[in-house]
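In: how does the following fold in three dimensions:
(chains A, B, C and D)
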Number of protein chains: 2
Amino acid sequence: MTSDTVGDQGGDAHSGTVSAGVDSPSVSRSTASGPPPGPSVSARRRAGRPGHDADSVLRTAVRVFNERGYDGTSMEDLARALGVTKSAIYHHVSGKSELLRQSLDRALDALFAVTREPEATGGPVLGRLEHVLRGSVLALVEELPHVTLLLRVRGNTAVERRALERRREFDRFVADLVREGVAEGAIRPDVDPDVAGRLLFGMVNSLVEWYRPGGGLDAEGLAAQVAAVAFEGLRTPH
Amino acid sequence: MTSDTVGDQGGDAHSGTVSAGVDSPSVSRSTASGPPPGPSVSARRRAGRPGHDADSVLRTAVRVFNERGYDGTSMEDLARALGVTKSAIYHHVSGKSELLRQSLDRALDALFAVTREPEATGGPVLGRLEHVLRGSVLALVEELPHVTLLLRVRGNTAVERRALERRREFDRFVADLVREGVAEGAIRPDVDPDVAGRLLFGMVNSLVEWYRPGGGLDAEGLAAQVAAVAFEGLRTPH
DNA sequence: TTACTAACCGACCGTTCGTTCAGGCCGCAA
DNA sequence: TTGCGGCCTGAACGAACGGTCGGTTAGTAA
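Out: Predicted structure coming up:
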């Protein structure tokens, strides 16, 4: 899914330069004088002075946004993380909010792609719901930094409000599915459908708070566990 | 539980002055010239010029923090919401981070109170876990604005990092409970205990994103539904 | 060597930030 | 009427903010 939206992001090399992982607990602000320029790594050599390109800037920016929060991140912070000066960033993007916009759009595109897959629109309700559930987990993992950012948006600016609107649209799609499931008797009727839908995706969305790929649990396995808990519950079956 | 920690918050009067609900989608910044001073409401008349007290300032501040995010809220924003000037706020609190500290402490105190209740430390594991689950939901509802703020903290400042540490301690308590449940065979062994614990409280924590008291579903009913989904799952029992 | 391209620097702009301070205002009790 | 406690204003501070600008550097391609 969303296999070739932006491309080139597959190779997650470029690492090494910045030590702190995505989850680093305390990010010293004053120290950490920044890595040596350590820019992008795209395979084909480009003309012109080597350094960052728009993509590597976005990648780093989103990582820092997720560490400090969007509002808590200054352009100076970004520049330090990139190993360049503030003004260099404006060579790649028009401004801070543009970075946010690109990231949010990417997250939302991945989520909506799931709702358009045939398994999400045809067949028994429970199957459709489960497909959307698992697909959302996969999309969330694949675009983890962007989805993380999306789930923290508060609606302070026009960019954020537009994203919130699209997100609500996605939520409506899921809520409808759950309602339909209750109506057809596939989902237990003693919990409110709206509540159930929100709990379901509350569970999914909470993944961004702790799941990190490459830790022995892959996206498919994660999706399976989420689906198991969501549909069968925690208690040992008897 | 936590029946009389800080008191006086039970009566949620003081309303009326500010129109926007906690969930108001777009919060105009320039307009909304603020309510007429409309200060606190505490029953007993105090000496001196009438106006806000430390408690009413905290209440409003936390509400605005949750609307705009802590970093996205300026003291000017707070002042406007309170109907006073910036400098007036410093009569009640030492600064912005002090407001955050008070709020986070309140949320954490309520959560830890649950873990110290006898039903959370004695009896069968599954019962203990369910008690902590339901108790957390009740605490979350009772201290909704403060818990909401807590769950969004990123660790940018010392105040935030201290709160994150206490929160991790709470998470550990829950994780241990789940692990114990798996070991005793009360919880299904095919999901990883750590994953299960995180999913469980991911579900609970997501309540702050949508649950609002006074909407036909009270805290007890909510806790019951959460427990049902968590332990039995969504699928219709057969 | 030269032309071209892409990325970057350093100085600077106007605005907003959190915070301080000296003083004024309001309502109660004496 | 006066005194006092509690709350508030208006003006200002230095620091940090997002963003702009003209000029420079380091590579590729001819």
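
In: what about residue A:162, distance to residue A:171?
Out: Here the criterion is Cβ to Cβ, to the nearest Å. By it, residue A:162 lies 15 Å from residue A:171. Just so you know, the C-beta spots here come from the backbone N, C-alpha and C atoms, and that holds for glycine as well.

In: what does chain A put close to DNA strand C?
Out: A:37, A:39, A:46-53, A:82, A:84-88, A:91-92 (Cβ under 7 Å from any atom of the strand).

In: show me just the buried residues among these.
Out: Buried residues within the residues of chain A next to DNA strand C, counting neighbours by 16 or more other Cβ atoms under 10 Å in any protein chain shown: A:39, A:51-52, A:82, A:84, A:92.

In: just the ones of those residues in helices?
Out: residue A:82 (DSSP state H).

In: could I get the buried ones among the residues of chain A next to DNA strand C as a markdown table with distance to residue A:224?
Out: Putting these into a markdown table (distance: Cβ to Cβ, whole Å) gives the following:
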| residue | distance to residue A:224 |
| --- | --- |
| A:39 | 38 |
| A:51 | 42 |
| A:52 | 38 |
| A:82 | 38 |
| A:84 | 42 |
| A:92 | 39 |
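
In: out of the buried ones among the residues of chain A next to DNA strand C, which one sits closest to DNA strand D?
Out: Closest approach between these and DNA strand D, by Cβ to the nearest atom of the strand: residue A:51, at 8.6 Å.

In: looks like the closest one contacts residue A:85 (just checking).
Out: No: the pair formed by residue A:51 and residue A:85 falls short of the contact definition of Cβ atoms under 8 Å, at 11.7 Å.

In: list the contacts for residue A:72?
Out: Residue A:72 makes contact with B:71, B:154, B:156, according to Cβ atoms under 8 Å, 6 or more residues apart in numbering or on different chains.

In: tell me if I am right that it is in a strand.
Out: No: secondary structure of residue A:72 (DSSP: H, G, I helix; E, B strand; the rest coil): coil, not part of a strand.

In: before we move on, back to that, going by distance to residue B:231, which of the contacts of residue A:72 wins?
Out: Closest approach to residue B:231 among those (Cβ to Cβ): residue B:154, at 31.8 Å.

In: in which helix or strand does that closest one reside?
Out: Under DSSP states H and E, no helix or strand contains residue B:154.

In: what comes up buried for the longest helix along chain A?
Out: Among the segments of chain A that qualify as a helix by DSSP H, the longest is helix A:158-183. For helix A:158-183, the neighbour count (16+ other Cβ under 10 Å) marks A:159-160, A:162-164, A:166-167, A:170, A:173-175, A:177-182 as buried.

In: one more: stretch A:107-116?
Out: So, applying 16+ other Cβ under 10 Å, buried residues of stretch A:107-116: A:107-115.

In: cool, and stretch A:221-238?
Out: Using 16+ other Cβ under 10 Å as the burial criterion, the residues of stretch A:221-238 that qualify are A:222-236.

In: what does stretch A:92-101 give?
Out: Buried positions in stretch A:92-101, judged by neighbour count with 16+ other Cβ under 10 Å: A:92-93, A:96, A:98-101.

In: can you name the residues that contact the nearest residue to residue A:209 once chain neighbours are set aside?
Out: The shortest distance from residue A:209 to any non-neighbouring residue, by Cβ to Cβ, 6 or more residues apart in numbering or on different chains, is to residue B:202 (6.9 Å). Contact analysis of residue B:202 by Cβ under 8 Å, 6+ apart lists A:202-203, A:205-207, A:209.
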